[in-house]
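Peer 1: Model the following, please.
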Amino acid sequence: MTRFDEWVASYDRAPKRHDRFETLSGIELAPVYTSRGAIGSVSELPDDEELPGSYPYTRGIYASGYRTKLWTMRMFAGFSSAAETNERFRELLDAGGTGLSVAFDLPTLMGRDSDDPKSLGEVGKCGVAIDTYDDMETLFEGIRLGEITTSMTINSPAAFILASFVAVAETSGVPRRELGGTLQNDILKEYQAQKEYYFPPRPSMRLVRDTMTFAAAEMPKWHPLSVSGYHIREAGSTAAEELAFTIANGFAYVETGLAAGLTVDEFAPQLSFFFNAHIDFFEEIAKYRAARRIWARWMRDHYQAQDPRSWLLRFHTQTAGVSLTAQQPELNIVRTAIEALAGTLGGTQSLHTNSMDEVLSLPTQKAARIALRTQQIIAHETGVTNVVDPLGGSYFVEELTLEIERQAEEIFAEIAELGDGSMLEGALIGIDNFYHVNRIADSAYELEKKISAGDRIVVGVNNFILEDEDPIDTLVIGPEVEKLQVQRLQDVRQRRDSDQVARALADLQADARDPEVNLMEPLIRASKARVSIGEVMEALADVFGYYEEPGI
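Peer 2: All right, here's what the predicted structure looks like:
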């Protein structure tokens, strides 16, 4: 069977969303277009021409693209209490959302309890507060966890959050093997960009290792790690730096799994990625294409993965928060639509669209609905889902893809040199000597200079300015939220079995002292005992230590 015949067979096997794909005026569309014409009118292709669903996947990881299945419309949501966020989840699902994505508040992201003095004023403000098993149970009340995929964007306390999620699911009758979704769990980028760390880098990587090996053995539908470029880009990197640092971190995690005794094909298919969709439309599309190609080549040729699923770069996309403006915020609807279109033309597997008002506050219900409707318009009205990789073969896009790939490979070489050939050691040494931080800061500074000088126009900010703008409604989280959450936490502490809590924490610390023990089961037991997130993190810190950035 020829390469062309293999593609046709793969495309034909996939059930399609429609019997006929056509333009508004009725022109029937072929699934893929090539240098020799539409698939269906040609019988062979040049040896070097790529097809969607074929190595190295520049044109997409699936032969049929969105003709078979649309991307998951996974709206990021979380605010105030678990009960209020649960209500927002239900609203999004009722409005046509097809996946859940949890936004945690800052204390939870930092691994602190809501009554920690450092949490004062932040509880429930930028996401939902999750202190104990009870909060996680309330968060997903009435939602069938075995029937919908869930993403959780959290890193330092990620292992405990996953443990609590598993505990709640099992108590409700959903076995861990049936749970589908993603845990971000990308601790390397915290030291490089976002700064939500707790333990030093090396023991933090032990927790990542434990979640990876646990998922490989116990949760086949779960992605225990979503390697994130989003926060690297939000911190100010270029598109090529976002791609390179993210993929390089992915290689570091692959080496972590190998060092743990797993074969690459045991865990690599469960890795996923998370990219930014910024405002430079064609650059973003080229970035996604280059990312797929680089990952496939390195996984096959460098890490010797034999399973083609290990070569596939699956990724979630979120539109760029940093591109939103407080000035004329209605324009953010336009920015988000353009960025979302770049994500879909780039072949994303799931997508969150930012709301127009979240530069000012947490999104209002109306703004969140408009953001979701933006995805639905792209999916059902624009026609971009009718053809697989419609920009493939564009001279401009192909050349831009090559250039981003070239820049990324230069950065890989620098990181590998830092680690004497190891991407894992290169990542860790780069953190120690501020390699990533300095490059990102330099890129952010260069962009801000261009904006300040007017060389790059940001509509409403440095040009096309309105002197008087009408205010828009925003969602305000009042101090009563924090008061109620602190009381809820204290009530749990009063009800729980203190002896059971003490045993769970003692067992967790004992296991943490043995680097060969996987900590996921002890964490699940701790969650079921109603140990709080802050108590878990402090217990582990007694073993692992705390991290403070050098020079800070």
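Peer 1: remind me which residues of the chain are low pLDDT?
Peer 2: 1, 552 (pLDDT under 70).
Peer 1: care to break it down by domain?
Peer 2: According to automatic domain parsing, the chain comprises the domains 3-38, 65-378+389-453.
Peer 1: And these: which comes nearest residue 536?
Peer 2: Between residue 536 and the domains of the chain, the tightest spacing by CB to CB is seen for domain 65-378+389-453, at 5.0 Å. Any C-beta I mention is one placed from the backbone N, CA and C, and that applies to glycine too.
Peer 1: What residues sit buried inside the helix ranked longest in the chain?
Peer 2: Counting residues, the longest helix found in the chain (DSSP state H) is helix 395-418. Buried residues in helix 395-418, defined by neighbour count with 16 or more other CB atoms under 10 Å: 397, 400-401, 404-405, 407-409, 411-412, 415-416, 418.
Peer 1: I'd like these as JSON lines, with distance to residue 493 appended.
Peer 2: Shown next, in JSON lines, are the buried residues of helix 395-418 (distance: CB to CB, whole Å):
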{"residue": "397", "distance to residue 493": "57"}
{"residue": "400", "distance to residue 493": "56"}
{"residue": "401", "distance to residue 493": "54"}
{"residue": "404", "distance to residue 493": "51"}
{"residue": "405", "distance to residue 493": "53"}
{"residue": "407", "distance to residue 493": "52"}
{"residue": "408", "distance to residue 493": "49"}
{"residue": "409", "distance to residue 493": "53"}
{"residue": "411", "distance to residue 493": "48"}
{"residue": "412", "distance to residue 493": "48"}
{"residue": "415", "distance to residue 493": "45"}
{"residue": "416", "distance to residue 493": "48"}
{"residue": "418", "distance to residue 493": "45"}
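Peer 1: how deep is residue 193 tucked in, by neighbour count?
Peer 2: Applying other CB atoms under 10 Å, we find 23 residues neighbouring residue 193.
Peer 1: separation between it and residue 322?
Peer 2: 12 Å (CB to CB, to the nearest Å).
Peer 1: Kindly report the same for residue 397.
Peer 2: Taking CB to CB as the measure, residue 397 falls 24 Å from residue 322.
Peer 1: Check residue 475 too.
Peer 2: Distance check for residue 475 against residue 322: by CB to CB, it reads 20 Å.
Peer 1: Same question for residue 118.
Peer 2: With distances taken as CB to CB, residue 118 is found 26 Å from residue 322.
Peer 1: Among these two, which residue is more densely surrounded?
Peer 2: Taking other CB under 10 Å, residue 118 and residue 322 do not tie; residue 322 has more neighbours (16 against 12).
Peer 1: For the stretch 101-250 of the chain, which segments count as strands?
Peer 2: Ranges of strands in the stretch 101-250 of the chain, per DSSP state E, counting those that start in this stretch, are 150-153, 181-183, 222-223, 225-228.
Peer 1: what packs against the first one?
Peer 2: Other elements packing on strand 150-153 under the criterion 3 or more CB pairs under 8 Å, 6 or more residues apart in numbering; DSSP states H and E are strand 99-103, helix 158-171, strand 181-183.
Peer 1: Would you mind finding the most buried of the strands of the stretch 101-250 of the chain?
Peer 2: strand 225-228 (a mean of 27; mean count of other CB atoms under 10 Å).
Peer 1: residues in contact with it?
Peer 2: By CB atoms under 8 Å, 6 or more residues apart in numbering, the residues outside strand 225-228 that reach it are 151, 182-186, 189, 208, 211-212, 246-247, 249-250, 253, 270-274, 316.
Peer 1: and with 6 Å instead?
Peer 2: Residues outside strand 225-228 that contact it (CB atoms under 6 Å, 6 or more residues apart in numbering): 182, 184-186, 189, 246, 249-250, 253, 271-274.
Peer 1: Kindly report the same for stretch 111-130.
Peer 2: Residues from elsewhere that reach stretch 111-130 (CB under 6 Å, 6+ apart): 78, 80, 82, 85, 103-108, 131, 136, 156-157, 198, 477, 481-482, 485-486, 489, 532-534, 537.
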